[in-house]
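*Asks:* Fold the following for me, if possible:
(one chain, ligands or ions: 1)
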Amino acid sequence: MDGKNRIDTLNNIKIFTGNSNVALVEKVCDYLSIPLGNATVGRFPDGEIDVKVDEDVRGSDIFIIQSTCSPVNDSLAELLILIDCFKRASSARITAVLPYYGYARKDRKDEGRVPITAKLVANLITKAGADRVLTMDLHAAQIQGFFDIPVDHLLAFPVFSEYYRERDLSDFVVVSPDVGGIKIARQYSNHLNARLAVVDKRRMGPEETEVGFVIGDVEGRNAIIVDDLIATGGSICQAARVLKEKGAKDIYVGVTHPVLCGAAIEKLSEAPIKEIAVTDTIPLSGHAKSLGAKIKVLSVSSLLGEAIKRIHTNMSISSMFTEH
Ligand code: R5P
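*Replies:* The predicted model follows:
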């Protein structure tokens, strides 16, 4: 802690967390030079969640940082119970900080008799008592509209752009693994001053995708595939294969949220991918660490810390991205 980001103007800010990503939260606290709030988030003997905040929070500006990642339902329930706890303890304002917003992929009724779970989660967070939400690289930006409280939506691209600029990759093309990801990929290509290509992917089921063709010229170039998340790894691995077939040289992957479920690790280790860069919005499992040097974790702690500082001091968040 060098204290350079310490918030001196207002000192009633407090950061708390559940159990989903303590390492990231500690880094955010380091960035802000404030200690992590004292709370116990444990379990009753029957598995129910037991929360006790061990310090005074009356009148405080509370930030609860909790990725709703695996175990998804436990992480979500911890967040909701923490919000309820701070509301009843008379804190001044509660911001739910979700570096990774789980259940985001169920964001519309694309067939009969299915829920819109992303909206349900928004209702739960709001009803529990959150005053605002801070999140990052939502699967669909319009999920912000599921809330009637302020939502600040951070983008991880400055962290990746800086990383790839330092890597100094020559003659490369930024690739979106599907049509839905073009907007994100365009941001990267603008910031890295690189060409853009798109893989035509069709989803056949939750674990099954089919790749058609590539729009854009990748032959003889290095490729960076960018996406919001890797779940089963199907989309990324198929995109990497089709890019290889089209003559791409080295293939890099830059993905914000390493959900990495099912057989993702096996698929990624076998795929023609040189390196996978992810962020620490979700902690890597021990199994994922078996990817060794093929996986590189970039931290979004400074981005989150800076956003928290700006929310607390009523400064612009959007300028964090336009200044880049
Ligand atoms: C799709 O729209 C998303 O951006 C991801 O590409 C997708 O959810 C990743 O899923 P999987 O890794 O299971 O293919």
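*Asks:* Buried residues of the longest helix anywhere in the chain, list them for me.
*Replies:* In the chain, with assignment by DSSP state H, the single longest helix is helix 72-88. By neighbour count with 16 or more other C-beta atoms under 10 Å, helix 72-88 contains the buried residues 72, 74-86. No exception for glycine: its C-beta is placed from N, CA and C like everyone else's.
*Asks:* ditto for stretch 236-253
*Replies:* 236-244, 246, 248-249, 251-253.
*Asks:* what about it, start to end distance?
*Replies:* 8 Å (C-alpha to C-alpha, to the nearest Å).
*Asks:* do the same with stretch 83-98
*Replies:* 13 Å.
*Asks:* Then stretch 188-197?
*Replies:* 12 Å.
*Asks:* wait, does that stretch contact the ligand?
*Replies:* No - Stretch 188-197 stays out of contact with the ligand when judged by C-beta under 6 Å from any ligand atom, the minimum separation being 13.9 Å.
*Asks:* between the buried residues of helix 72-88, which is closest to residue 175?
*Replies:* residue 72 (28.6 Å; C-beta to C-beta).
*Asks:* does residue 255 sit in a helix, a strand or a coil?
*Replies:* What DSSP: H, G, I helix; E, B strand; the rest coil gives for residue 255 is strand.
*Asks:* got a list of what residue 274 touches?
*Replies:* 250-252, 294 (C-beta atoms under 8 Å, 6 or more residues apart in numbering).
*Asks:* Which ones among those residues also lie next to the ligand?
*Replies:* Within the contacts of residue 274, nothing lies near the ligand by C-beta under 6 Å from any ligand atom.
*Asks:* burial count for residue 219?
*Replies:* 11 (other C-beta atoms under 10 Å).
*Asks:* That one in helix, strand or coil?
*Replies:* Under three-state DSSP, the three-state class of residue 219 is coil.
*Asks:* Okay, and the nearest residue in space to it that is not next to it in sequence sits in which element?
*Replies:* Of all residues not flanking residue 219 in the chain, residue 247 sits nearest, at 3.6 Å (C-beta to C-beta, 6 or more residues apart in numbering). Applying DSSP states H and E as the criterion places residue 247 outside every helix and strand.
*Asks:* Can you verify my assumption that residue 247 contacts residue 223?
*Replies:* No - the criterion here is C-beta atoms under 8 Å, and residue 247 misses it with residue 223 at 10.2 Å.
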